[in-house]
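*Asks:* quick one, what's the 3D model for this:
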Amino acid sequence: MCPEVKLKKLILILAESALETIPREIWTHPCIRKYSKTRSKPPAFLLLDLSFHYQAAKKLPDLHKRGRPDIVHVTLLEVLGSPLCRRGLLDIYVHTYADYVIWVDPSTRLPRHYYRFCGLIEQLFETRKVPPEAEKPLLTLEKMTLRELLEKLRPDTVVLLDESGERRRLRDLAEELVQWERPALLVGAFQSGKFREETYRLATKIYSIYDEVLDTWVVTSRVLTAVEEVLGIL
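*Replies:* Numbers count the residues shown, from 1 in each chain. Got it, this is the predicted structure:
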């Protein structure tokens, strides 16, 4: 039996994303100073990337959840290119480890090249919107916790995907999501580890779609495809 479809917008939130500028406590490390000089930018406006900054970052807390901008990059390319997004049925937010929130206009065409993407996000952290002078920017940045974001958006329900959650078939999950007008779907955008306890408490439902940990872009792609199939888009 087909579910009653009420969906107007699916709110996709990449939660606790491993995307942040270089933390102040490692600015003076030799590898950071060298990188800053090479890039001709102060560390405050450079993204933390463990590929370059591991020696400086290895003593930071929660290192397993930090310094991986590529996770957000690949996932956003997948999301923005999806039929669901092209149909105007997605609102897209990136919540970061350091409690910033990036709103992504669904019409945004992100750079395919990783280093150009990093340059764009570094500009965003500096100017708070991209393009900086646009009346209707494609990306905006605000200091905001995940709780504050959800309070602002007021979704009908909040579904968190986590390997510890109740096992759900993709089709069943999609059918549940489309029965809400504005459901929020939270997907972790970090390399390993658990969400903060606060994040679990914010969820209405916690589900798992597979027995093992999957990459963020794989999870997101599978769920969006399932929703598209339920809606008859695919």
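*Asks:* now do the helices in the chain.
*Replies:* 30-39, 50-57, 69-80, 83-86, 114-127, 146-153, 170-177, 197-202, 216-231 (DSSP state H).
*Asks:* I'd like those as CSV, with distance to D162 and mean pLDDT appended.
*Replies:* Quick note: C-beta positions are derived from backbone N, CA and C, even for glycine. Shown next, in CSV, are the helices of the chain (distance: least, C-beta to C-beta, whole Å; pLDDT from 0 to 100):
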stretch, distance to D162, mean pLDDT
helix 30-39, 33, 96
helix 50-57, 23, 97
helix 69-80, 16, 98
helix 83-86, 22, 98
helix 114-127, 25, 97
helix 146-153, 14, 98
helix 170-177, 13, 97
helix 197-202, 8, 98
helix 216-231, 10, 98
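*Asks:* which one of those helices lies nearest to G188?
*Replies:* helix 216-231 (6.6 Å; C-beta to C-beta).
*Asks:* elements contacting that closest one?
*Replies:* Contacts defined by 3 or more C-beta pairs under 8 Å, 6 or more residues apart in numbering; DSSP states H and E place helix 216-231 against strand 10-17, helix 69-80, helix 83-86, helix 170-177, strand 184-188.
*Asks:* closest to T38 out of the ones you listed?
*Replies:* Nearest to T38, of the helices and strands packed on helix 216-231 and by C-beta to C-beta, is helix 69-80 at 17.3 Å.
*Asks:* now that closest one: buried residues?
*Replies:* Neighbour-count burial for helix 69-80, counted by 16 or more other C-beta atoms under 10 Å, picks out 69-80.
*Asks:* other residues contacting it?
*Replies:* Residues from elsewhere that reach helix 69-80 (C-beta atoms under 8 Å, 6 or more residues apart in numbering): 12, 14, 17-19, 47-49, 85, 90, 92, 94, 104, 106, 108-110, 112, 114, 117-118, 121, 187, 189-191, 215-217, 220-221, 224.
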